[in-house]
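Peer 1: Sequence isn't available, so here's the structure alone:
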């Protein structure tokens, strides 16, 4: 079992940057594939990015490609999401998720979830 705690959210102007982090505790972090998801007001949860156990493979939703970078530091039990060129439509609660199976862009395949961190991008 793993516990996940997100941080780094906040209010930023369009075009700005934020770096989200997800601190993991519990079972060995390097045994989990990790993902970032988000839920905007009135919308369903959507996939943002995912990364495999070692960090050698990543996947992004189309809107995140070229702007967001997912990374992990297995020595520090931390997952990161660097978000650049933020847009108002990126406003959402961002969640990190973990599972001990292959990397996936489907939320139902993740077992463990953090509580979320709010990202608000003003125009």
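Peer 2: Noted; the coordinates are in hand. Model, not experiment: these values are computed from the prediction. Residues are numbered from 1 along each chain as shown.
Peer 1: hey, where'd the strands end up in this protein?
Peer 2: With DSSP state E, the ranges of strands along the chain come out as 2-7, 10-13, 18-26, 33-39, 46-51, 58-60, 68-73, 78-83, 92-99, 112-113, 117-122.
Peer 1: contacting residues around residue 94?
Peer 2: 6, 9, 20, 36, 37, 38, 48, 81, 116, 117, 118, 119 (CB atoms under 8 Å, 6 or more residues apart in numbering). Bear in mind the C-beta positions are built from the backbone N, C-alpha and C, glycine included.
Peer 1: hang on, the earlier thing: looking at the strands of the chain, spot the one closest to residue 106.
Peer 2: For the strands of the chain, proximity to residue 106 was assessed by CB to CB; strand 46-51 is nearest, at 7.2 Å.
Peer 1: in its sheet, what does the closest one sit against?
Peer 2: Neighbouring strands of strand 46-51 in its sheet, by DSSP bridges, are strand 33-39 (antiparallel), strand 58-60 (antiparallel).
Peer 1: how big is the angle separating it from strand 92-99?
Peer 2: On the basis of axes from the mean of the first three to the mean of the last three CA atoms, to 10 degrees, strand 46-51 is oriented at 40 degrees to strand 92-99.
Peer 1: which ones are touching the residue nearest in space to the middle of the chain?
Peer 2: Nearest to the geometric centre of the chain sits residue 36, at 2.5 Å (CA atoms, centre = their mean). Residues in contact with residue 36, defined by CB under 8 Å, 6+ apart, are 20, 22, 48, 49, 50, 70, 79, 81, 94, 95, 96, 97.
Peer 1: No more questions from me, cheers.
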